[in-house]
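Engineer: turn this into a structure:
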Amino acid sequence: MAPARRVSYRGSSRAASATRARGAGTGAQIRWDRLSRVALGGVLCVLLYLYISGGISVFRAWRQAHADSAQVGALERENRELSAQHAALAGRSAVEAQARRLGMAHPGELQFVVSGLPGN
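Structural biologist: Predicted coordinates:
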């Protein structure tokens with residue numbers, strides 16, 4: 001009797017069809033290399049989003065700080081002007097001058113009203 005011939009299915013179309021037949025019943029095989037690339041791409045997109053949103057937040061805070069410092073400068077100038085005005089009006093002479101303009105006089109003081117003078 002002749003020895004039995006060993007049949008190898010590597011690289012043959014029979015092996016491919018047998019593999020397809022086995023895979024068809026259990027569902028598609030998971031391609032881990034593709035899945036890992038997709039997952040890595042998703043992680044990179046999330047990281048990129050986080051970096052960009054953080055940068056935008058820092059830029060907004062920087063811009064708000066500059067706007068606030070400009071407003072503080074304007075308020076400091078206004079405070080200096082009002083303090084100077086307060087110091088000028090707080091003295092007794094300023095109060096008396098304003099009272100004279102309103103037609104007031106000290107008690108016992110005579111007031112004279114001159115009218116009909118020619119204009120300058």
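Engineer: please count neighbours and contacts with C-alpha atoms only from this point.
Structural biologist: Noted.
Engineer: most residues in a single helix of the protein, which one?
Structural biologist: helix 32-90 (DSSP state H).
Engineer: what angle separates the very next helix or strand once past that helix from helix 32-90?
Structural biologist: Of the helices and strands lying after helix 32-90 in sequence (DSSP states H and E), the nearest is helix 92-101. In terms of direction (axes from the mean of the first three to the mean of the last three CA atoms, to 10 degrees), helix 92-101 departs from helix 32-90 by 70 degrees.
Engineer: separation between the residue nearest the centre of the chain and S69?
Structural biologist: Closest to where the C-alpha atoms of the chain average out (CA atoms, centre = their mean) is R60, at 3.0 Å. According to CA to CA, to the nearest Å, R60 stands 14 Å off from S69.
Engineer: just Q29 next, same as before
Structural biologist: 62 Å.
Engineer: these two - which one has more neighbours?
Structural biologist: S69 (12 against 8; other CA atoms under 10 Å).
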